[in-house]
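Trainee: This is a predicted model, with the sequence first.
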Amino acid sequence: MNIQDPETNVLRTLLVDAPPAAVWKALTDPKLARLYMGAMPCCDFQVGKPIQWFIREENGDQTLMSKGTVLAVMPGERLRYSTYSLASQLPDELASHTTIDLHLIDEEDGRTRVELWQGDFAGLPNAERRAREAGRNWVEHLVGLKRVSEELWEAKAA
């Protein structure tokens, strides 16, 4: 397994004009995460605990979209979890899970550098295609995380 292989891993970096605390809140608050992820995380962000992502249907019902396990939590710094998408059409077993690792790095100018890694898709059917799709989705999600974090920070500063 090569975690740097761009064919089977997703690597994305984004600068956010807000401090890590604001980015962390946007990342872990279910109502805020829903604004840019389209789904709401349900968990208490403790290592070893399950994490589930739900979408709310028009009739008010919630549908489970993905699930996994929290692997590391360092508030304001790092969130790492395994994930399994129910839409993947893969068997629900550990070999079908990937890992998402988000690092929040406090820049000297008050901004936060968000570094995201998701992988390893190697060993899964259509690994390169799955990694490309995840990469495209993460671009949208990270831009949304930036917007929500900056709005949150601006509202607090006002």
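Mentor: Sure, I can see it. Residues are numbered from 1 along each chain as shown.

Trainee: so where do the helices sit in this structure?
Mentor: 20-28, 30-37, 127-157 (DSSP state H).

Trainee: Enumerate the positions of the last one that are buried.
Mentor: When you say that, I think you mean helix 127-157. Neighbour counts using 16 or more other CB atoms under 10 Å place 127, 130-132, 134-135, 138, 141-142, 144-146, 148-150, 152-153 of helix 127-157 among the buried residues. Every residue, glycine included, has its C-beta placed from N, CA and C.

Trainee: Also the shortest one?
Mentor: Going by neighbour count (16+ other CB under 10 Å), the buried part of helix 30-37 is 32, 33, 34, 36, 37.

Trainee: and those residues as a markdown table, adding distance to residue 86?
Mentor: What follows is those, written out as a markdown table (distance: CB to CB, whole Å):
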| residue | distance to residue 86 |
| --- | --- |
| 32 | 23 |
| 33 | 18 |
| 34 | 18 |
| 36 | 20 |
| 37 | 15 |
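
Trainee: quick check: longest strand of this structure.
Mentor: For the chain, the strand with the greatest residue count under DSSP state E is strand 62-74.

Trainee: pLDDT weak spots in this structure?
Mentor: 1-4, 158 (pLDDT under 70).
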